[in-house]
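Student: Mind looking at a prediction? Sequence and model below.
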Amino acid sequence: MVNFLLFLLKLLLKLIRISSKKQGVTVFFFLTPCANQEYAISNQQVMKRRINFIQPLLIFILMQVAWISLLGLWIYWYVSNYIIISQVGKRLVPTINASPKSQLFALIIGLFLLVLILAGFYFIFIFLTRQININRLYETFIANFTHELKSPLASIQLYLETLQRRDVPKEKQREFVDQMFADTQRLKQVIDSILDISQIEQKKKIFDLKPQPIQSTITDLIDNCMERFKLDSRSLIVKGKVKGYWLVDQAAMQMVFSNLLDNALKYSPAKKPITIRLLDETQQFCIEFIDQGVGIEKEAQKHIFQKFYRVTAPYMPDIRGTGLGLYLVKEIVKAHFGQITVRSEGLNKGTTFKLCFPMKKSLKEYKTLMGKH
């Protein structure tokens, strides 16, 4: 059995290996409709892709210089030859000689066309800039995604090889199995998040929303997180209570809680507690995830929920990730008719993620509403 598992793991590792000879990365990419299609990206291909984006920019700049030069030459020619052309026109065909009004009209039309051309250049430049940013984020995602798959698989392989080649005591065997289970859970979470995003973007994800009591549901979600991350009441503080009901897909909401707590733990000092605070408002309730970590700068807060985006400031710890966690959290919260916001006062001042959802005070209100539909 161990040999069979080792064979499967080695096969998976080959599929996502980082090849030292080719200096490339091979992964299975799930974010497009053509799921399970293999992509191989080498350093040469990455460099070629960057060159492909640099060339249009250079062409764009040269076209601008050429156009401005041409415009300058045209103005110079017009000013220096206007008098001669006007005199020749009067002698040859007096009736064709344009009036000052028609010349002014032609000048205005020319300027209008010039503005349109320049605006077109501007939009091309904006488009190219966005494409370059998407390309950079894609490359970062590929590298991080490969690491997120490779690390747990390599860990499982190491434990299996140890079990295969050595006489491991039963106590250690149990420890190895627990660690392998944790690694498989980590691997499953990464793959599930990517598949969920793919389904959400293709409008194929169906959330099983059911009316549930708020307090007991959130207690279950928190208990599961405490068990998974091995937290106690001193490291995770829960404040507030909410009476009422909300529509929730508990499995999807578990991903939200796990992602937010995972981020809080990664970017907070070990001995600093994390707080989950429940706020009971009139027609909605809110959940705040408060940490005392490194914080997020104002500019980064604008992009924190974008797909693939990761804060790369010098003060940030070097922590691997796919850049999809908060994007998935936002999409799940939106599917629950909720909103999510982030607040941080700056460096080393912690971060607060606030989720707000609509609620009803009694289950009867939901049953009445569902009966009408």
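Tutor: Cool, the structure landed.
Student: need the helices for this protein, in chain order.
Tutor: Using DSSP state H, the helices found in the chain span residues 2-15, 43-92, 100-165, 170-201, 214-229, 250-266, 298-301, 325-335, 363-372.
Student: by contact count, what packs against the longest one?
Tutor: The one in question is helix 100-165. helix 2-15, strand 24-29, strand 37-42, helix 43-92, helix 170-201 (3 or more Cβ pairs under 8 Å, 6 or more residues apart in numbering; DSSP states H and E). C-beta here means a position set from N, CA and C on the backbone, and glycine is covered the same way.
Student: try it again with 7 Å
Tutor: Here helix 100-165 touches helix 2-15, strand 24-29, helix 43-92, helix 170-201, going by 3 or more Cβ pairs under 7 Å, 6 or more residues apart in numbering; DSSP states H and E.
Student: Lowest average confidence across these, which one?
Tutor: Mean pLDDT per stretch puts strand 24-29 lowest among those, at a mean of 38.
Student: Can you give me the neighbour number for the closest residue to Arg234 other than its chain neighbours?
Tutor: Distance criterion Cβ to Cβ, 6 or more residues apart in numbering; nearest residue to Arg234, sequence neighbours excluded, is Pro273 at 6.4 Å. Counted with other Cβ atoms under 10 Å, residues neighbouring Pro273 total 16.
Student: And for the one 3 residues further on?
Tutor: Counted with other Cβ under 10 Å, the burial measure for Ile276 works out to 21 neighbours.
Student: what do you get for Phe353?
Tutor: 23.
Student: Mind listing the residues bridging to it?
Tutor: When bridges are called by DSSP bridges, Phe353 pairs up with Phe289, Val342.
Student: tell me the contacts of it?
Tutor: Contacts for Phe353 (Cβ atoms under 7 Å, 6 or more residues apart in numbering) come out as 260, 289, 340, 342.
Student: let's see 6 Å
Tutor: Residues near Phe353 by Cβ atoms under 6 Å, 6 or more residues apart in numbering: 260, 289, 342.
Student: how near is it to Gln284?
Tutor: Between Phe353 and Gln284 the distance is 16 Å, computed by Cβ to Cβ, to the nearest Å.
Student: same deal with Leu149?
Tutor: Leu149 sits 38 Å away from Gln284, going by Cβ to Cβ.
Student: So for the two, which sits in the more crowded spot?
Tutor: The neighbour count for Leu149 versus Gln284, taken as other Cβ under 10 Å, is higher for Leu149 (21 against 17).
Student: For stretch 205-225, buried residues please.
Tutor: 205, 211-212, 214-215, 217-218, 221-222, 225 (16 or more other Cβ atoms under 10 Å).
Student: scratch that, stretch 138-154
Tutor: Buried residues in stretch 138-154 (16+ other Cβ under 10 Å): 138-146, 148-150, 152-153.
Student: Quick one: those as TSV, columns for pLDDT and distance to Asp196 too.
Tutor: Output for the buried residues of stretch 138-154, formatted as TSV (pLDDT from 0 to 100; distance: Cβ to Cβ, whole Å):
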residue	pLDDT	distance to Asp196
Tyr138	73	19
Glu139	74	23
Thr140	70	20
Phe141	70	16
Ile142	73	19
Ala143	71	21
Asn144	70	17
Phe145	72	15
Thr146	75	19
Glu148	74	15
Leu149	78	16
Lys150	82	21
Pro152	84	19
Leu153	86	21
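Student: Let me have those in JSON lines, adding distance to Trp246 as columns.
Tutor: Putting the buried residues of stretch 138-154 into JSON lines (distance: Cβ to Cβ, whole Å) gives the following:
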{"residue": "Tyr138", "distance to Trp246": "36"}
{"residue": "Glu139", "distance to Trp246": "40"}
{"residue": "Thr140", "distance to Trp246": "36"}
{"residue": "Phe141", "distance to Trp246": "33"}
{"residue": "Ile142", "distance to Trp246": "37"}
{"residue": "Ala143", "distance to Trp246": "38"}
{"residue": "Asn144", "distance to Trp246": "33"}
{"residue": "Phe145", "distance to Trp246": "33"}
{"residue": "Thr146", "distance to Trp246": "38"}
{"residue": "Glu148", "distance to Trp246": "32"}
{"residue": "Leu149", "distance to Trp246": "35"}
{"residue": "Lys150", "distance to Trp246": "39"}
{"residue": "Pro152", "distance to Trp246": "34"}
{"residue": "Leu153", "distance to Trp246": "38"}
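Student: between those residues, which is closest to Gln301?
Tutor: Checking those against Gln301 by Cβ to Cβ gives Thr140 as the nearest, at 19.3 Å.
Student: gap between that closest one and Lys307?
Tutor: 12 Å.
Student: And for Leu209?
Tutor: 24 Å.
Student: So for the spatially closest residue to Asp280 that is not a sequence neighbour, what's the pLDDT?
Tutor: Take Asp280 and drop its neighbours on the chain: the residue closest to it by Cβ to Cβ, 6+ apart is Val242, 4.6 Å away. As predicted, Val242 sits at a pLDDT of 94.
Student: number of nearby residues for Thr351?
Tutor: Thr351, neighbours per other Cβ under 10 Å, totals 23.
Student: And for Glu331?
Tutor: 20.
Student: With neighbour count, pLDDT and distance to Arg277 added, can I get the contacts of Phe353 in a markdown table?
Tutor: Shown next, in a markdown table, are those (neighbours: other Cβ atoms under 10 Å; pLDDT from 0 to 100; distance: Cβ to Cβ, whole Å):
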| residue | neighbour count | pLDDT | distance to Arg277 |
| --- | --- | --- | --- |
| Leu260 | 23 | 96 | 13 |
| Phe289 | 22 | 97 | 8 |
| Val342 | 16 | 96 | 15 |
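Student: Closest one to Glu297 out of these, please.
Tutor: Using Cβ to Cβ, the contacts of Phe353 come closest to Glu297 at Val342, 11.3 Å.
Student: how close does that closest one sit to Leu160?
Tutor: 41 Å.
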